[in-house]
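Novice: Pasting a predicted model and its sequence here:
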Amino acid sequence: MTSKRNRGLTEEAADAAVDQACRMLRLPTIRAQYPELAAAAAQDQMAYRGFLAELPMSECDDRAHRRSERRVKAAGFPRDKSLRAFDVDANPVIDPAAIHTLVSCDWVTKSMPLRLVGDSGTGKSHLLIALGTEAAMRGYRVKYVLATKLVNELVEAADDKLLAKTIARYGRVDLLCIDELGYMELDRHGAELLFQVLTEREEKSSVAIASNESFGSWTKTFTDPRLCAAIVDRLTFGGNIIETGTESYRLAHTKAQQQLKAV
């Protein structure tokens, strides 16, 4: 009976009915895109079933996009960085095939670690953020944090008797991205707290780090040799290592711009 009644609706009444139904069913994308989709379907002489399929698909696609945006925002990246914007030609040290392999996020699924090492300006933080963003867009829970900020948070949590809760929170994400590890020396207490986070995630969830120091120089950051060895073990076992070299892309770009201005 309802379908017979709807057959007699005018276009204006049908549009109003769709708008009202979308409000009641909380389908904002269909409500917003319906006029455009209906006009395109009429112009292309789309079959009724094809048009009907187009409506829920548009809603699903938009919801997936918004979920991805929320995950990227929740990760706490300091700036937007994408792999598309990374200039591979500017850094011949980096193997494009190795980066392409990481895009699939299979390493995150398998809870494998990733280490990006190189001097300042070589693109390691860019890659860390870009790969973390890719993981978030593919449905993984991601968290980005500077190494010093993480350690300071852990120290404060320990003082406030909230350490277990804080470590558990960092343990729940699928991928933890730790940036600028190695730039500052950590005292034994801070290093031990960081070790607890890594132990919580060991073989259960991925950790990706960006560091300016090779493993052989990490004793400058983790002054206790045995603790340093244990941390290195947790960040290398079965993982990937991407070296970004020593030539600063930012410095080269700045010099090139200055030379252009001088001409």
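Specialist: Now that the structure is in, tell me what you want to look at.

Novice: CA atoms for contacts and neighbours, from now on please.
Specialist: OK.

Novice: tell me which element Ala168 falls in.
Specialist: Assigned by DSSP states H and E, Ala168 falls within helix 163-172.

Novice: by contact count, what packs against that helix?
Specialist: helix 147-159, helix 188-201 (3 or more CA pairs under 8 Å, 6 or more residues apart in numbering; DSSP states H and E).

Novice: helices or strands up against the helix or strand where Gly132 lies?
Specialist: Secondary-structure assignment from DSSP H and E places Gly132 in helix 124-137. When contacts are defined as 3+ CA pairs under 8 Å, 6+ apart, helix 124-137 packs onto helix 48-75, helix 96-103, strand 114-118, strand 142-146, strand 175-181, strand 206-211.

Novice: what residues does the fourth one touch?
Specialist: Right, the one you point to is strand 142-146. Outside strand 142-146, the residues that touch it by CA atoms under 8 Å, 6 or more residues apart in numbering are 71-72, 74-77, 129, 132, 135-136, 170, 173-181.

Novice: try 10 Å
Specialist: Contact partners of strand 142-146, identified using CA atoms under 10 Å, 6 or more residues apart in numbering, comprise 71-78, 128-129, 132-136, 150-152, 170, 172-181, 206-210.

Novice: Please state the offset of it from the chain centre?
Specialist: Average the C-alpha atoms of strand 142-146, do the same for its chain, and the two points are 9 Å apart (CA atoms, centre = their mean, to the nearest Å).

Novice: quick one, what contacts the residue lying closest to Lys204 once chain neighbours are set aside?
Specialist: Leaving aside its chain neighbours, Lys204 sits nearest to Ser111 (5.6 Å; criterion: CA to CA, 6 or more residues apart in numbering). Taking CA under 10 Å, 6+ apart as the definition of contact, the neighbours of Ser111 are 105, 174-175, 201-207, 238-239.

Novice: among these, which ones are buried?
Specialist: Neighbour counting over those (16 or more other CA atoms under 10 Å) leaves 105, 174-175, 201-207, 239 as the buried ones.

Novice: any chance of those residues in CSV, plus distance to Asp119 and pLDDT?
Specialist: As requested, the buried ones among the contacts of Ser111 are exported to CSV (distance: CA to CA, whole Å; pLDDT from 0 to 100):
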residue, distance to Asp119, pLDDT
Cys105, 25, 95
Asp174, 27, 97
Leu175, 23, 97
Arg201, 27, 89
Glu202, 27, 84
Glu203, 28, 81
Lys204, 30, 90
Ser205, 27, 94
Ser206, 23, 95
Val207, 20, 95
Gly239, 21, 83
